[in-house]
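Peer 1: Any chance you could fold what I've pasted below:
(one chain, ligands or ions: 2)
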Amino acid sequence: MGLLSFFNKELAMDLGTANSIVIYNDQVVIDEPSIVAYNKNTNKIEAVGKRAQLMDGKTDNKNIETVRPLKGGVIADFEMAQHLIRELIKMTNISRSFMPPALRMVICIPSGITNVEERAVRESAEQAGAKEIRMIHEPMAAAIGIGIDVLEPNGNMIVDIGGGTAEIAVISLGGIVCNKSIKVAGDEFNENVIEYMRKQHNIVIGVRTAEKVKIAVGSAISELDTPPDEFETPGRDLLTGLPKTIFVNYKEIAHALDKSIARIESAILETLADTPPELAADIYKNGIYLAGGGSLLRGLDQRIKSKTKLNVHIAEDPLRAVARGTGIALKNFNKFSFLIK
Ligand SMILES: Nc1ncnc2c1ncn2[C@@H]1O[C@H](COP(=O)(O)OP(=O)(O)O)[C@@H](O)[C@H]1O
Ligand SMILES: [Mg+2]
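Peer 2: Numbering: from 1, shown residues only. Ligands and ions are numbered 1, 2, ... in the order given. So this is what the prediction gives:
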């Protein structure tokens, strides 16, 4: 009997600020928004993930509140984060079997997380049945998921743009050599869209509509080779209070997002400036890798390329690169010394 068989269940979890993904047996079994809906009166958890998202602002029950426990790259709500972790593990159905699972887990956490927060994540996983747990920092998991050999003495820059934060890191020899985390990412882009619509078009839109606008006509540059069609945006007229729709094009959204993207560019330039020269030479050769949902923004790679004069590559399936990397880390549970015990 091999040593591995003692742990009959193994899970990799990417605990993202926007989306959480669980991998079991090399398959993505859970891919859900990191949202918890709970009843304020009874303290009962009503739903997590997509079902919780659907309740957001749409339930007649005033006592039901939806929260995103991992806002801004940190754990904003401990208790709800614990519920989220436990429910995600439950949703995998692995504990349904006759024998209680001897569960081993690798959990990917934002690199800005404090020790206290890290402990809270660990305790939630333990309460959900995990017997052996390792954590991995997000940029490291992204790098592994992209297919970079992180153990090599070779510098690589990863820019992971998620919901709450953009994490920029230089990785070499299994370590994060320098990194920067800024709270400018997908959520901030949505806020920029909301503000733009209010100021330019006198129309109030919700976060979910802003997200649709961003995906339909979001752009980091104002000249695209293949422009998307204008998007019909529903909202409420600021002056009359009546429902109204207006058409927006990508150039407008490029304008709305410009300042936020400039902040990400500055953070990349600062991290490059902090990079030791030998590793900077590697990055010059290897280029920059983009991961996370934010990297799907049209023209972002092009814009970063012209700003840094470096090659820019977008990870394959960037929304799942971190989860893939966490899954690979799970397979190397005892080999990757950078996994946090
Ligand atoms: N096609 C797209 N264009 C722009 N942004 C996108 C696109 N698809 C997803 N996103 C954004 O990516 C973010 C989620 O990315 P993700 O990597 O899952 O974040 P996290 O790791 O923080 O959970 C959200 O803000 C979402 O709006
Ligand atoms: Mg992520």
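
Peer 1: For the rest of this, base every contact and every neighbour count on C-alpha atoms.
Peer 2: Noted.

Peer 1: Show me what counts as buried in stretch 234-247.
Peer 2: Burial within stretch 234-247, assessed by neighbour count using 16 or more other CA atoms under 10 Å, is assigned to 234, 235, 236, 237, 238.

Peer 1: got a markdown table for those, with pLDDT, distance to ligand 1 and secondary structure too?
Peer 2: Supplementary listing: the buried residues of stretch 234-247 in a markdown table, determined by pLDDT from 0 to 100; distance: CA to the nearest ligand atom, whole Å; DSSP: H, G, I helix; E, B strand; the rest coil:
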| residue | pLDDT | distance to ligand 1 | secondary structure |
| --- | --- | --- | --- |
| 234 | 97 | 18 | strand |
| 235 | 97 | 19 | strand |
| 236 | 98 | 22 | strand |
| 237 | 98 | 24 | strand |
| 238 | 96 | 25 | coil |
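
Peer 1: of those, closest to residue 31?
Peer 2: Set against residue 31, the nearest of the buried residues of stretch 234-247 by CA to CA is residue 234 (27.5 Å).

Peer 1: give the contact list for that closest one.
Peer 2: 205, 209, 243, 244, 245, 246 (CA atoms under 8 Å, 6 or more residues apart in numbering).

Peer 1: How about the contacts made by the first one?
Peer 2: Yep, that's residue 205 we're talking about. By CA under 8 Å, 6+ apart, residue 205 lies in contact with 194, 197, 198, 234, 235, 236.

Peer 1: That one and residue 184: what is the separation?
Peer 2: For residue 205, the distance to residue 184 equals 20 Å [CA to CA, to the nearest Å].

Peer 1: Same question for the second one.
Peer 2: According to CA to CA, residue 209 and residue 184 sit 19 Å apart.

Peer 1: Tell me which of these two has more neighbours.
Peer 2: More crowded of residue 209 and residue 184, by other CA atoms under 10 Å: residue 184, with 20 against 17.

Peer 1: So that one belongs to a helix, correct?
Peer 2: No: read with DSSP: H, G, I helix; E, B strand; the rest coil, residue 184 is coil and lies in no helix.

Peer 1: So what's the predicted local confidence for it?
Peer 2: Looking at residue 184, its pLDDT reads 97.

Peer 1: Give me the spatial nearest neighbour of it, chain neighbours excluded.
Peer 2: In space, and not counting its chain neighbours, residue 184 is closest to residue 165: 5.4 Å by CA to CA, 6 or more residues apart in numbering.

Peer 1: And the strands in the stretch 1-150 of the chain?
Peer 2: 9-15, 19-24, 27-33, 36-39, 45-48, 64-67, 103-109, 130-137 (DSSP state E, counting those that start in this stretch).

Peer 1: just checking, residue 196 touches residue 256?
Peer 2: Yes: with contacts counted by CA atoms under 8 Å, residue 196 reaches residue 256, the gap being 5.9 Å.

Peer 1: And the two? Which one has more around it.
Peer 2: When residue 196 and residue 256 are compared for neighbours, residue 256 comes out ahead with 24 against 19, by other CA under 10 Å.
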